[in-house]
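Participant: generate a structure from the sequence data that follows.
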Amino acid sequence: MNSVASHKFSARTQLSAFLMAGTMLSAPVMAQQVAPPTVPAPAPEAAPTATTIQSITVVGNQRLEAQTILSYLRLRVGQTYDRATLDQALKDLASTELFKDFQITDNAGALQIQVTENPVINRVILEGNKRLKEDKIRPEIKLAPRQIFTRSKVRADVARIIELYKRQGRFAATVEPKMVSLDQNRVDVVFEINEGPKSKVRQINIIGNEKFSDGDLKDEMATKESGLLTILSSNTSYDPDRLAYDQQKLRLFYLQNGYADFRVISAVAELTSNKQDFIITYVVEEGERYKFGDVDVKSELRDFQPEMLKKLLPMKTGDWYDAKLVEDTVESLSETAGLFGYAFADINPEFRRDADTRTMQITFNVGESPRTYVERIDVNGNTLTHDKVVRREFRLNEGDAFNSFGIKRTENRLNSLGYFQENLEIERKEGSAPDRIVLETNVEEKPTGELSLSAGFSSIENFLLQASIRQRNFRGLGQQLQASVNYSSYSKSIELGFTEPYLFDRNISVGGSVYRRDLNSFNFINNDRRTTFQQVTTGFQLNAGVPLTEFMSFFARYSLNYDDVTLDRDLYYFGGECDPFVAGRYLCDAIGTRTTSLVGYTLAYDDRDNRLRPTRGQSLSLSQDFAGLGGSVKYVRTRLNASKHFNLGSRFILNLSAEGGYIYPFGGRPTPTSDKVRLTDRFFLGEPQMRGFDIRGVGPRVIRYGVDNTDPTNPIVITDTDGDRGQIDDALGGRAYYLGRLELDIPLGTGAKELGLRPSIFLDVGSVFSVKRPTLTTLANFLDPSDGLTKNLCRNATTGSVNFAQQSLIDHDNNANTPSIPGGAYNSCAAFEGTTSNLPPFEERFFGDTWMPRVSIGAGVNWNSPFGPFRIDFAYALRKEEGDDTKRFSFNVGTQF
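Facilitator: Next comes the predicted model:
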């Protein structure tokens, strides 16, 4: 017998066609698995006879040993074989996927197995992937360098890549694998990816709804139809999991409205022919609407009195049935049982439906269960934070009776730390006995260190630079360490601070800071800002705090500040002294050095669920600072702050806040004409505290107006008729202020949330008032007693003499000094020897010292941009007082908000 039983495995040919002809696997194609190559049997003979194998040789192998190849076959020397045996051997070689070409030659029992091995993969390359980065795709790819290349692995990897894109909503994505041959039987495998557009939900159809419109039901769904109004939403893409979730949302909506028999008959998602859009069709059956029948409570717990609990149930007989209300009642009863120490209270609502009367009778059965005690508290996942930092926030200790309120409070306190993931929850697990419970806290630490190097532009401070380093969990002990340097056109500061929240592991916080702050205050001259006084403050502060109750704390502090307030001598001084005609008497009274030794306290109540981003709860604090324990400044400053937060559902958060303060001075006035409270110690109000008004734009102020003195017998004060606010606009602040805010946080889609966008609408109400009316310069100061005409003041810096001169027309037009004209109507300050100051007439007016509220409304958005925090506000002042300075648009980049 001398024949050749051979099969050229078609891997090379099919792969060439697969790669060269451009055949691509896409989502629809992957539904049909590519069949493995068929190994044709040798041509049958009329009467095959069995032959004995004399020898077996393997040729063509490079990496694989001959014995390894023979181990895949059932052929052995000495055994008999026929055509079927050789056919099975060829199939065994094909199943290994190690060879791209193989054949068996039979020479009278001497079998020769000739193979060509599959190449080795040199590299796996991804091309065209932009929406999905390589670190997301490569873990799903099984092909790797130095592995044997096989078509089945390529097909499997293509399917996995396409599945990844389907999860991203890109059902039109295609993947074309290509092979680049190299020397030494090596290949590079290239996956050319065409990601395609994101498949959107073009239309949602609902069939069978009669009681509620399509719009009402679509509003309940997480999936949204693509359009202009949903351009920022990530829920317009098709997601099978979201489709199932929407069915549950529909069912819950109907159950909340009394339709206990509602069901979704079918939900079908059809992909359009271009694979870019989906059309979703729901078929529903609404059923009849039910009301609550008799509602009762049965309890086997000793502390639960059914009659008392029944009075507390929110549903009443005759109300429309609401499944969500039943669910909330079960949760409420469980929480109530937890307050009494029953961690695993068995509460089962028993439903009895009466189809004839369309009523739903419910009995809440509270089963018997033992009181539960905390066996163990486990803390997992904290690699940096010490265990004690987490455990000291627990309101329960090991061995204590279980209390659901303590658990909830612990969760709120841990979330308020800001060290771990949002919405951290404590898991309750059964302990070693029925009356034992294990509290397990699985935390995911997030970065608590902040290094900020930023530059920006602020509508308040123009160009600004900021560098700060802050660690809120220093050494994993919950300590706070910070250092910051700020520089802008109007303020400079450097500060170092440290806080220990638990001194010697006791619930006593201590901290301190040292600082230097340079503030350049400014006013407006014809709508241009000009620096008025400079205040340099150097000092330190020490503080300590202790909790009085679970929600109430007491804080004490002491600070010592040295202030130096100065004015530009070139602009505001005349004859070596502050010139009240130029600076104003109120600014002249503010200059000088002083020392403030201040001791204060704060009594605070805070039960908010999260101090960083609260969604419910309230806070209230009373603060008082006493200046006068040494130093040169004496006053008592009192402040009151309150806030209330409401979770309105659907991630809408309503925030209400109010604050107010008053300063009561001690001691005499620095001068008889000025207020007891210095200008730099008063309250100011405006941007950014009160939106819709410019910085220090609310409250008492002095505006200086120019005078048209063309007719000296009838001078005209130039007021705000042309849009200017006058020559100089100085805010004076006040002893008292109040400010109220109502703000609604508006949720956005997942896409916008991932971008860090948090929009809100707001209403601000406030005022600052109560300051002694300053002595003002009026036209009377420029009235020449000799002739009763309004004239310029001609002042001699050496002698202090003051003369009057009416500015000539040439002076007025050309700003030139001309000698007096004998017998004429005009003369000039140049006529007076030694005159160094030619002061034209002006008039100062006092505005804004009233408690009447200012009101503004607007909208704003916070954005955690790649360049740093960004806040933008649009506001409109609904109510203002004469003299207030409004502002509709403001933004800040690179500063905290």
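Participant: look at Asp296 and say how many residues are nearby.
Facilitator: 15 (other Cβ atoms under 10 Å). C-beta coordinates here come from the backbone N, C-alpha and C atoms, glycine included.
Participant: what sits against it?
Facilitator: Asp296 sits next to Pro306, Lys310, Ile362, Thr363, Phe364 when contact means Cβ atoms under 8 Å, 6 or more residues apart in numbering.
Participant: can you turn the buried part of those into a ChimeraX selection?
Facilitator: Here is the ChimeraX selection string for the buried members of the contacts of Asp296, based on 16 or more other Cβ atoms under 10 Å:
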select :306,362,364
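Participant: take the contacts of Asp296 and keep only those in strands.
Facilitator: If you go by DSSP state E, the contacts of Asp296 have Ile362, Thr363, Phe364 in strands.
Participant: nearest to Val698, of the residues you listed?
Facilitator: Lowest distance from Val698 to the ones in strands among the contacts of Asp296 (Cβ to Cβ) belongs to Phe364, with 55.3 Å.
Participant: please enumerate the strands of the stretch 601-750 of the chain.
Facilitator: 617-631, 635-649, 652-665, 701-708, 716-717, 728-731, 736-745 (DSSP state E, counting those that start in this stretch).
Participant: helices or strands up against the shortest one?
Facilitator: Yep, that's strand 716-717 we're talking about. Strand 716-717 sits against strand 701-708, with contacts defined as 3 or more Cβ pairs under 8 Å, 6 or more residues apart in numbering; DSSP states H and E.
Participant: now do the strand it packs on: everything it contacts.
Facilitator: Residues outside strand 701-708 that contact it (Cβ under 8 Å, 6+ apart): 584, 586, 715-719, 725-732, 774, 776-777, 779, 782, 790, 840-848, 883.
Participant: what are the buried residues along that strand?
Facilitator: Residues of strand 701-708 classed as buried: Arg701, Val702, Ile703, Arg704, Tyr705, Gly706, Val707 (neighbour count, 16+ other Cβ under 10 Å).
Participant: now do stretch 497-506
Facilitator: Neighbour counts over stretch 497-506 (16+ other Cβ under 10 Å) mark Gly497, Thr499, Glu500, Pro501, Tyr502 as buried.
Participant: what residues does that stretch touch?
Facilitator: Stretch 497-506 has contacts (Cβ under 8 Å, 6+ apart) with 388, 392, 478-483, 508-514.
Participant: would Lys388 count as being in a helix?
Facilitator: Yes. Using DSSP: H, G, I helix; E, B strand; the rest coil, the assignment for Lys388 is a helix.
Participant: now it, nearest residue through space, not along the chain?
Facilitator: In this structure, Lys388 finds its nearest non-sequential neighbour in Asp505, 7.0 Å apart by Cβ to Cβ, 6 or more residues apart in numbering.
Participant: next, give phi and psi for Ala94.
Facilitator: Per-residue torsions, Ala94: phi -70, psi -40 (degrees, to the nearest 10).
Participant: repeat that for the one 3 residues further on.
Facilitator: Recorded main-chain torsions at Glu97 are phi 60, psi 30, according to degrees, to the nearest 10.
Participant: strands of the stretch 251-400 of the chain, start to end?
Facilitator: For the stretch 251-400 of the chain, the strands defined by DSSP E, counting those that start in this stretch occupy 263-271, 277-285, 291-299, 347-354, 359-366, 373-380.
Participant: now do the stretch 101-250 of the chain
Facilitator: 110-117, 120-127, 174-182, 186-194, 200-207.
Participant: looking at those, which is nearest to Lys676?
Facilitator: Lys676 lies closest, by Cβ to Cβ, to one member of those: strand 200-207, at 67.6 Å.
Participant: for this structure, name the helix or strand with the lowest mean pLDDT.
Facilitator: One helix or strand of the chain scores below all others by mean pLDDT, DSSP states H and E: helix 27-30, with a mean of 32.
Participant: tell me how far the longest strand along the chain is from the chain's mean position?
Facilitator: If you go by DSSP E, the chain has its longest strand at strand 528-547. Centre-to-centre, strand 528-547 and its host chain are 29 Å apart (Cα atoms, centre = their mean, to the nearest Å).
Participant: cool, stretch 121-138 as well?
Facilitator: Distance, centroid of stretch 121-138 to centroid of chain: 31 Å (Cα atoms, centre = their mean).
Participant: any idea which of the ones in strands among the contacts of Asp296 is closest to Tyr419?
Facilitator: Phe364 (39.2 Å).
Participant: just the pLDDT at the closest one, thanks.
Facilitator: Note for Phe364: predicted pLDDT of 90.
Participant: how about the nearest residue to it, chain neighbours excluded?
Facilitator: Nearest non-adjacent residue to Phe364, counting by Cβ to Cβ, 6+ apart: Val297, 4.8 Å away.
Participant: what is the neighbour count of that neighbour?
Facilitator: Per other Cβ under 10 Å, the neighbour tally for Val297 reads 23.
Participant: how about the contacts made by it?
Facilitator: The contact partners of Val297, taken as Cβ under 8 Å, 6+ apart, are Phe304, Pro306, Leu309, Lys310, Leu313, Thr363, Phe364, Val366.
Participant: and the furthest pair within the residues you listed?
Facilitator: Greatest spacing in the contacts of Val297, by Cβ to Cβ: Phe304 and Thr363 (13.9 Å).
Participant: give me the buried subset of the contacts of strand 701-708.
Facilitator: Burial by neighbour count, judged by 16+ other Cβ under 10 Å, picks out 584, 586, 715, 725-732, 774, 777, 782, 790, 841-848, 883 from the contacts of strand 701-708.
Participant: of those, which belong to helices?
Facilitator: Residues of the buried ones among the contacts of strand 701-708 located in helices (DSSP state H): Tyr586.
Participant: residue ranges with poor pLDDT in the stretch 501-650 of the chain?
Facilitator: By pLDDT under 70, the weakly predicted segments of the stretch 501-650 of the chain are 521-532.
Participant: same thing but 80
Facilitator: 519-533, 568-572, 574-576, 582-587, 589-590, 611-612, 650 (pLDDT under 80).
Participant: over to the stretch 101-250 of the chain?
Facilitator: In the stretch 101-250 of the chain (pLDDT under 80), the answer is 168-169, 226-237.
Participant: the helices in it, which residues?
Facilitator: Taking DSSP state H, counting those that start in this stretch to define them, one finds helices in the stretch 101-250 of the chain at 134-137, 151-167, 214-220, 240-256.
Participant: would you list these in CSV and tack on distance to Leu339?
Facilitator: Formatted as CSV, those follow (distance: least, Cβ to Cβ, whole Å):
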stretch, distance to Leu339
helix 134-137, 46
helix 151-167, 43
helix 214-220, 34
helix 240-256, 27
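Participant: now those helices as TSV including mean neighbour count?
Facilitator: Rendered in TSV, the data for the helices of the stretch 101-250 of the chain read as follows (neighbours: other Cβ atoms under 10 Å):
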stretch	mean neighbour count
helix 134-137	12
helix 151-167	18
helix 214-220	13
helix 240-256	17
